[in-house]
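K.L.:
could you look at this predicted model? Sequence included:
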Amino acid sequence: GASRHVTARVAPLGTRLALALVEDRTRERRVEAVRRDFVANVSHELKTPVGAIRVLADAVTEASDDPEAVRRFSHRMITESERLTELVQQIIELSRLQGDEPLEAPVAVDVDKVIAAAIDSSTVDASAKGINVVSAGTAGLHVFGNDEQVSTAVTNLVSNAVAYSDPGSTVTVSTRATDGSVEISVVDQGIGIPSTEIDRIFERFYRVDPARHRSTGGTGLGLSIVKHVAATHGGEVKVWSQEGQGSTFTLTLPQHLPTAGQSGTSKEER
Ligand code: ADP
């Protein structure tokens with residue numbers, strides 16, 4: 001197979017080339033292992049809601065003379081299929097981003113608009129929990145990147161902040177420009193993340209508390225999507241957290257500075 005082919009070529013290549021080839025194979029194997037792991041995880045994660053829907057469908061059939069039970073089971077089927085939909089969407093999103101290739105045609109992305117949209121999409125969950133989501137900091141900033149990806153990343157951070165906060169607390173999305181970059185911070189006063197877990201939360205499908213997680217309906221993919229968005233933009237994402245006090249996620253992306261004569265109109269640019 002492939003390895004015999006490589007061995008045959010190593011000898012005449014010289015030590016340095018041979019080493020490079022070995023390193024390349026090692027990386028290839030690592031990438032392959034990550035991919036296999038991902039596929040196994042995906043299959044497992046998809047099986048859970050599909051299995052639940054199957055069981056609920058049986059239950060509905062058997063409970064046909066009990067309208068209240070039918071209503072309850074049907075409602076859970078809807079919840080499970082929504083979860084399945086979200087999972088599939090996030091898996092597609094993630095597989096698109098996984099190459100971490102730099103963006104092909106980055107444009108000026110209006111940070112205020114992105115944040116307004118993210119806050120907007122969290123309104124239903126936030127108001128159901130009595131959580132106030134506000135924006136703060138510097139207005140009028142632009143980043144250099146992909147509008148959809150940046151929106152997805154900020155939306156994921158805001159929806160996590162809401163999901164892992166208690167009623168009555170505030171989530172603040174703040175912005176500031178540092179040299180050449182824009183920092184978008186999502187600050188919550190929620191449950192926080194144990195220091196023993198904080199290194200793992202950006203891993204695919206990783207959840208601090210799978211039991212709690214089931215009730216909040218997440219997928220465990222949100223933060224790994226944020227991490228890949230940061231990577232494709234040449235930026236980064238960092239987290240500070242204190243258990244029981246809250247968390248701050250900061251997404252740093254390259255700033256798009258309006259060229260002379262363009263300032264003030266940059267919002268209509270796109
Ligand atoms: P999920 O769909 O579970 O939210 P994520 O990848 O977005 O998946 O987050 C991974 C895990 O990190 C979550 O399950 C949760 O345990 C933890 N986490 C993420 N954001 C926060 C936050 N703002 N506060 C507390 N814990 C968080």
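P.N.:
Nice, I can see it.
K.L.:
okay, CA-based contacts and neighbour counts for the rest of this
P.N.:
Noted.
K.L.:
ranges for the strands of the stretch 1-150 of the chain?
P.N.:
Taking DSSP state E, counting those that start in this stretch as the test, the strands found in the stretch 1-150 of the chain are 107-110, 132-137, 142-145.
K.L.:
tell me what the first one is packed against?
P.N.:
Read that as strand 107-110. Under the contact criterion of 3 or more CA pairs under 8 Å, 6 or more residues apart in numbering; DSSP states H and E, strand 107-110 touches strand 142-145, helix 147-163.
K.L.:
what about the stretch 1-150 of the chain, any weak spots by pLDDT?
P.N.:
Applying pLDDT under 70 to the stretch 1-150 of the chain flags the ranges 1-13.
K.L.:
residue of it with the smallest distance to the ligand?
P.N.:
The stretch 1-150 of the chain approaches the ligand most closely through Leu87 (9.2 Å), counting by CA to the nearest ligand atom.
K.L.:
just say helix, strand or coil for the residue lying closest to that residue once chain neighbours are set aside.
P.N.:
Closest residue in space to Leu87, ignoring its immediate chain neighbours: Thr219 at 6.1 Å, by CA to CA, 6 or more residues apart in numbering. Per DSSP: H, G, I helix; E, B strand; the rest coil, the secondary structure class of Thr219 is coil.
K.L.:
before we move on, the earlier item: turn the helices and strands packed on strand 107-110 into JSON lines, including mean neighbour count and distance to Thr259.
P.N.:
Output for the helices and strands packed on strand 107-110, formatted as JSON lines (neighbours: other CA atoms under 10 Å; distance: least, CA to CA, whole Å):
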{"stretch": "strand 142-145", "mean neighbour count": "24", "distance to Thr259": "12"}
{"stretch": "helix 147-163", "mean neighbour count": "22", "distance to Thr259": "19"}
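K.L.:
between these, which one is closest to Asp179.
P.N.:
Among those, strand 142-145 comes nearest to Asp179, with 12.4 Å by CA to CA.
K.L.:
got a list of contacts for that closest one?
P.N.:
The contact list for strand 142-145 (CA atoms under 8 Å, 6 or more residues apart in numbering) reads 103, 105-111, 181-182, 233, 253-257.
K.L.:
weed out the non-buried ones from the residues you listed.
P.N.:
Buried by 16 or more other CA atoms under 10 Å: 103, 107-111, 181-182, 233, 253-257, out of those.
K.L.:
look at Ser185 and give its secondary structure.
P.N.:
At Ser185, secondary structure determined by three-state DSSP is strand.
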